[in-house]
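> Got a predicted model here, sequence first, then my questions.
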Amino acid sequence: MLEQNGTELSEREKEILKLVATGASNKEIAQQLVISPNTVKVHLRNIFAKIGVASRTEATLYAIRSGLVQVPSPSDGSNTEADAEPGSVPGDVAAGLPIAASSLPNAAARWLWLGSAVALLALIGLLLVLLPRWSTPMPPPNPTPLPRWQSLADMPTARAGLAAVTFDNRIYAIAGESANGPTSVVERYDPTTDKWETLAHKPTAVADVQAAVIGGKIYVPGGRTVSGGVVALLEVYDPLIDQWEERTELPIALSGYALTAFEGKLYLFGGWDGVGYVSAVYEYDPAMDEWSERTPMPSARWLSGAAVAGNRIYVIGGTDGNNPLTHNLEYQPSADGEATTISAWRERAPLPQGRQGLGVVNVADLLIAIGGEPDAVLTPLQYVPTQDQWSISAGSNIAGPVSLQRPSLAVVGTQVFTLGGQAKTQLTKTNIAYQVLFTVAIPIIQQ
């Protein structure tokens, strides 16, 4: 069966398309096929390109038309839902009209709906013709914009340069620069209750750190200590038992690096080694408890942000010691060290303005950048990797400080939580959430 571009779907792609049509999320597909969610995303992009669709809903309709799946009758109680998993929101969402839930009507219901719509349009046209010419037209509605920002319960401890990470839909705020210098405090926030609690302190007080989750554990490497020095420690927190442990140290001491997790491994980029800024890239394998050096970045930098989109890692902003950087570097781990002509690094569309100490996260394969010097503005910047374009995200009414230096970001669902930071010279307890995407429920007519 040749698809729109003349390329036939592979057996694996057909298998994934069938699962998409059942309403399975990326995570559920990955578990069933024993592959990673990122691999599922790559397959979905290839499938969408081959069959010429832009969303899971369109892909499901294609699967039905091509006979890959059968539409269940209303009597069997089946229900299909669109994927609402973070990092796998359908193309409808990225286009600005997300679909939260959808049941596919059968053919008769669709024709009934279409006939009703045509009749309704005809009736509206007749009424417009018969209206008296002297009638005063009603002014068009002025829609009220949906609020994007929400001010939430402050962190118990004011700090900047902390590590923030999400696990099990709760946010962990770890270490950072407090009023008394680097701290070891660990606090957890539950968005469902809007409450904080204090957990076991990190063994080593540090600032200018980041964290990532792999296998249900939180990894926090390096950092700047109370003495002003830099450490190479790797301390790992188990949220299920509220305990810390040490793992193999970094090859060199670092702080102010960029960090993200990809395919079960940690990737650390740049930072300050106590003497200067570095361009080094390190990969950590938790299964082997080993660090390895990868291809360095094109230039040294400090206080950058990093996030994963698709099968790429993007290292954004930072400083070279003289100026905030606009760099947007795309790193492809699969091309690093392989016998290939593809370079592991390439420049992508730069930030509209240089920023250092910014936060960068992924929401539904959109990269969101918030805060950072010199302006430290909280108006979010949005990057679409597939289009290689930056834009200013909608919603400028900020429920908190209008600018923050060195904030930390965490994602729960389609909300980005901005935590802590420094407003001018004042450390803050800021906890504000930015709604990146809204869910719109669409009623379905069934026979």
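Nice, I can see it. This is a predicted model, so every value here is computed, not measured.
> How is this structure divided into domains?
Here the domain assignment for the chain is 11-76, 149-435, based on automatic domain parsing.
> and those domains as CSV, adding mean pLDDT and mean neighbour count?
Where C-beta positions appear, they are placed from N, C-alpha and C, glycine not excepted. As requested, the domains of the chain are exported to CSV (pLDDT from 0 to 100; neighbours: other CB atoms under 10 Å):
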stretch, mean pLDDT, mean neighbour count
domain 11-76, 81, 17
domain 149-435, 93, 19
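> Span of stretch 159-175 from start to end?
8 Å (CA to CA, to the nearest Å).
> should've said stretch 232-250
5 Å.
> What of stretch 259-279?
End-to-end for stretch 259-279, by CA to CA: 13 Å.
> One more: stretch 364-378?
Termini of stretch 364-378 sit 20 Å apart (CA to CA).
> Repeat that for stretch 13-29.
Using CA to CA, one end of stretch 13-29 lies 12 Å from the other.
> What of stretch 184-195?
20 Å.
> How about stretch 260-279?
First-to-last distance for stretch 260-279 - CA to CA - comes to 16 Å.
> what about the residue nearest to residue 231 when sequence neighbours are not counted, which SS state?
Residue nearest to residue 231 in three dimensions, not counting chain neighbours: residue 253, with 5.4 Å by CB to CB, 6 or more residues apart in numbering. The three-state assignment at residue 253 reads coil, by DSSP: H, G, I helix; E, B strand; the rest coil.
> Is it correct that residue 253 is in contact with residue 224?
No. At 9.4 Å, residue 253 does not count as touching residue 224 under the criterion of CB atoms under 8 Å.
> what do those two both touch?
Residues touching both residue 253 and residue 224 (CB atoms under 8 Å, 6 or more residues apart in numbering) are residue 230.
> From residue 228, how far out is the residue nearest to residue 231?
12 Å (CB to CB, to the nearest Å).
> Could you do residue 386 as well?
From residue 386 to residue 228 the distance is 43 Å (CB to CB).
> With residue 191 instead?
Residue 191 is 35 Å from residue 228, by CB to CB.
> Equivalent analysis for residue 329, please.
When residue 329 is compared with residue 228 (using CB to CB), they lie 29 Å apart.
> ok, now residue 205?
On the measure of CB to CB, residue 205 and residue 228 end up 12 Å apart.
> Kindly report the same for residue 291.
24 Å.
> try residue 391
Distance, residue 391 to residue 228, using CB to CB: 40 Å.
> repeat for residue 151
With CB to CB as the criterion, residue 151 and residue 228 are 34 Å apart.
> Could you check which helix or strand contains residue 45?
For residue 45, the host element (DSSP states H and E) is helix 37-51.
> what angle separates the helix or strand following that helix from helix 37-51?
Counting by DSSP H and E, the next helix or strand C-terminal to helix 37-51 is helix 56-65. Here helix 56-65 runs at an angle of 60 degrees relative to helix 37-51 (axes from the mean of the first three to the mean of the last three CA atoms, to 10 degrees).
> Go ahead and measure how far helix 56-65 is from the middle of the chain.
26 Å (CA atoms, centre = their mean, to the nearest Å).
> what about the helices in the protein?
11-21, 26-33, 37-51, 56-65, 91-94, 107-130 (DSSP state H).
> Now do the contacts for the residue nearest to residue 186 when sequence neighbours are not counted.
Excluding its sequence neighbours, the residue lying closest to residue 186 (CB to CB, 6+ apart) is residue 199, at 4.5 Å. Listed by CB under 8 Å, 6+ apart, the contact partners of residue 199 are 172, 186, 187, 188, 239, 242.
> now do residue 209
161, 162, 163, 174, 175, 176, 220, 221, 222, 223, 255.
> these two touch, right, the second one and residue 178?
No. Judged on CB under 8 Å, residue 162 makes no contact with residue 178 at a distance of 9.0 Å.
> Could you measure from residue 152 over to residue 171?
On the measure of CB to CB, residue 152 and residue 171 end up 10 Å apart.
> Tell me the residues that contact both of those two, please.
191, 417.
> residue closest to the middle of the chain?
residue 362 (1.8 Å; CA atoms, centre = their mean).
> For the closest residue to that one other than its chain neighbours, give its distance to residue 416.
Leaving out its chain neighbours, the residue that sits closest to residue 362 by CB to CB, 6+ apart is residue 307, at 4.6 Å. Residue 307 is 11 Å from residue 416, where distance means CB to CB.
> again, but for residue 20
For residue 20, the distance to residue 416 - CB to CB - is 27 Å.
> Now residue 334: closest residue in space, sequence neighbours ignored.
Nearest one to residue 334, counting by CB to CB, 6+ apart, is residue 311 at 6.6 Å.
> got the phi/psi numbers for the one you found?
Reported as degrees, to the nearest 10, the phi and psi values for residue 311 are phi -110, psi 30.
> OK, contacts around it?
So residue 311 contacts 38, 41, 42, 332, 333, 334 (CB under 8 Å, 6+ apart).
> That one and residue 304, how far apart?
In terms of CB to CB, residue 311 sits 20 Å off from residue 304.
> try residue 247
23 Å.
> if we look at the sheet, which residues does residue 245 bridge to?
With DSSP bridges as the criterion, residue 245 is bridged to residue 236.
> That one contacts residue 233, doesn't it?
No. Counting by CB under 8 Å, residue 245 stays clear of residue 233, with 11.2 Å between them.
> who are the neighbours in contact with the residue nearest to residue 165 when sequence neighbours are not counted?
Nearest residue to residue 165, sequence neighbours excluded (CB to CB, 6+ apart): residue 211, at 4.2 Å. Contacts for residue 211 (CB under 8 Å, 6+ apart) come out as 163, 164, 165, 172, 174, 218, 219, 220, 259.
> Among these, which ones are in strands?
Mapping those onto strands (DSSP state E) picks out 163, 164, 165, 172, 174, 218, 219, 220, 259.
> Could you pull up the contacting residues of the fourth one?
Counting by CB under 8 Å, 6+ apart, residue 172 touches 163, 164, 165, 166, 186, 187, 188, 199, 211, 218, 237, 239.
> Residue 297 and residue 434: what is the separation?
28 Å.
> what ranges do the strands span in the stretch 201-350 of the chain?
Remark: strands assigned in the stretch 201-350 of the chain by DSSP state E, counting those that start in this stretch are 212-214, 217-221, 234-238, 243-247, 258-262, 265-272, 277-285, 290-294, 305-309, 312-316, 328-331, 345-347.
> Parallel or antiparallel, which strands does the second one pair with?
Spelled out, it's strand 217-221. Strand 217-221 is paired, per DSSP bridges, with strand 212-214 (antiparallel), strand 234-238 (antiparallel).
> what's in contact with it?
Residues contacting strand 217-221 (CB under 8 Å, 6+ apart): 163, 165, 167, 172, 174-175, 202, 206, 209-213, 232-239, 247, 250, 254, 257, 259, 261, 266, 268, 284, 286.
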